[in-house]
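Novice: My questions concern the predicted model and sequence given below.
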Amino acid sequence: MRTIDAVDTVSFDGTEVTMLDQTRLPGERVRLTIQDTAQMHEAIRTLRVRGAPAIGVAAAFGLWLGVRALPDDTPRAEAETQLRREQAYLAGARPTAVNLTWALERCAAEALQTPGSTADLKRAALEAAIRLRSDEEATTRRIGEHGAALLAGLQGVLTHCNAGSAATVGLGTALAPIYVAAERGHVLHVFADETRPLLQGARITAWELQEAGVPVTVITDSMAAVVMRQGKVGAVIVGCDRVAANGDVANKIGTYGVALLARAHGLPFYVAGPTSTIDLATPDGDHIEIEQRAAQEVTHHGGVAMAPAGVDVFNPAFDVTPAELVTALITERGVIYPPYTQGLRDVKA
Ligand SMILES: CSC[C@H]1O[C@H](OP(=O)(O)O)[C@H](O)[C@@H]1O
């Protein structure tokens, strides 16, 4: 049985925090060294690192970068104030993926609860980020194992955006079941929505599946319906950026439409994600803040205008799929079926 190699999205090499610049994919593999919180904030904001779990781990390392340069003889109280300041700054990079604030809160708490000097605080912040990365990496394999069982007997699946290894620090979320199935000899054919406007599907999902030797067909977002009607896929599987307490799912823009198409064609619509993406404090999808991004992402491609100057543009980065359109939620702690409210509380307990 072959094993799938994960994309090294963001990691600590013993000295520096480095990341794969996903804005350069698929044509270039450029690795960046991130030196401070301003660079980390920019990297998250501009999607050099992206995907809810990957954003969380990146921000956790960013929190350490925010105190790394403090002299060890800095009064502990000053260091703690600096850490909290950097936590708030990094939390503002992108609003929708709950992993960003969740990871920062987890790692800040671990650091602040560690007694001692500023040197102890700095060390604890780094160790918290390293531990988070390890936990989230292991989580993706468990998502893959739970999800692979749901894909048994299928030949094709459709996915939207990139919820693969490049969106996490392991096998991915939506693609993890596909990778685990491939490792077990069940090689599915993936139809990848290109996912306008930033094309994470065409640029990143297709790239990582090709690297893994999993057959992939890139389609435009408008082709999803005909692919379903022609029976080329037996299920849809996507990732998530925030799951509300009632099971409503925020994910890349276009996901809601794909869920409606799946329902219209009698196909299961699976959402895969770690329990760290479940947010019980958000009651339903109407309470999820949807990131609005720059008009130029829609009106331009490669610096070339594809719409008249000054035209109005609507560019939400995410939409919300109502829980009633979700067949099942695949987490590292098992598969949750509707009604979701209790099941989500159980896996978060
Ligand atoms: C495993 S989370 C992946 C999730 O994140 C993506 O958004 P973005 O590329 O803007 O970070 C998309 O919603 C994916 O499903």
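Specialist: Right, received. Where do you want to start?

Novice: Next one: the residue nearest to residue 336 when sequence neighbours are not counted relative to residue 129, how far apart?
Specialist: If the residues on either side of it in the chain are set aside, residue 336 comes closest to residue 343, at 3.8 Å by CB to CB, 6 or more residues apart in numbering. C-betas here are computed from N, CA, C, even on glycine. In this view, residue 343 and residue 129 are 30 Å apart by CB to CB, to the nearest Å.

Novice: Next up, identify which helix or strand residue 105 is on.
Specialist: Secondary-structure assignment from DSSP states H and E places residue 105 in helix 98-112.

Novice: Those residues of the stretch 51-200 of the chain touching the ligand, which are they?
Specialist: 51, 52, 53, 161, 163, 167, 168, 173, 200 (CB under 6 Å from any ligand atom).

Novice: Name the surrounding residues that touch the helix holding residue 105.
Specialist: 44, 52-53, 55-57, 59-60, 63-64, 80, 83-84, 87, 90-91, 93-94, 121, 124-125, 127-129, 131-132, 241-242, 274, 276-279, 282 (CB atoms under 8 Å, 6 or more residues apart in numbering).

Novice: Are any of those residues buried, and if so which?
Specialist: 44, 52-53, 55-57, 59-60, 63-64, 80, 83, 87, 90-91, 93-94, 121, 124-125, 128-129, 132, 241-242, 274, 276-279, 282 (16 or more other CB atoms under 10 Å).

Novice: how deep is residue 147 tucked in, by neighbour count?
Specialist: Look at residue 147: counted by other CB atoms under 10 Å, it has 25 neighbours.

Novice: contacting residues for it?
Specialist: Residues near residue 147 by CB under 8 Å, 6+ apart: 176, 177, 180, 237, 270, 272, 330, 335.

Novice: Return the closest of those residues with respect to the ligand.
Specialist: Among the contacts of residue 147, residue 272 lies closest to the ligand (CB to the nearest ligand atom), at 7.7 Å.

Novice: my read: that closest one touches residue 332, true?
Specialist: No. In this structure residue 272 lies outside contact range of residue 332 using CB atoms under 8 Å: 9.7 Å.

Novice: between these two, who's got more neighbours?
Specialist: Neighbour count, other CB under 10 Å: between residue 272 and residue 332, residue 272 has more, with 30 against 23.

Novice: Pull the contacting residues for the more buried one.
Specialist: By CB under 8 Å, 6+ apart, the contact list for residue 272 reads 143, 147, 163, 173-174, 176-177, 237-240, 329-331.

Novice: what about the closest residue to residue 84 other than its chain neighbours, neighbour count?
Specialist: Excluding the flanking residues, the one nearest residue 84 by CB to CB, 6+ apart is residue 108, at 6.9 Å. Other residues within reach of residue 108, judged by other CB under 10 Å, total 23.

Novice: re earlier: could you list which of the residues of the stretch 51-200 of the chain next to the ligand belong to helices?
Specialist: When these are checked against helices (DSSP state H), the matches are 52, 53, 200.

Novice: Does residue 191 belong to a helix, a strand or coil?
Specialist: strand (DSSP: H, G, I helix; E, B strand; the rest coil).

Novice: In this structure it contacts residue 155, no?
Specialist: No. Counting by CB under 8 Å, residue 191 sits too far from residue 155 to count as a contact (11.0 Å).

Novice: neighbour-wise, which of these two wins?
Specialist: Using other CB under 10 Å as the criterion, residue 191 and residue 155 rank with residue 191 on top: 23 against 13.

Novice: what pLDDT does the more buried one get?
Specialist: The pLDDT attached to residue 191 in the predicted structure is 99.

Novice: Now it. Nearest residue, chain neighbours left out?
Specialist: Residue 191 sits nearest to residue 158 (CB to CB, 6+ apart), 4.4 Å away.

Novice: Also residue 337?
Specialist: Per CB to CB, 6+ apart, closest to residue 337 is residue 328, 5.3 Å.

Novice: what residues are up against that neighbour?
Specialist: Neighbours of residue 328 in contact, by CB under 8 Å, 6+ apart: 150, 268, 270, 271, 335, 336, 337.
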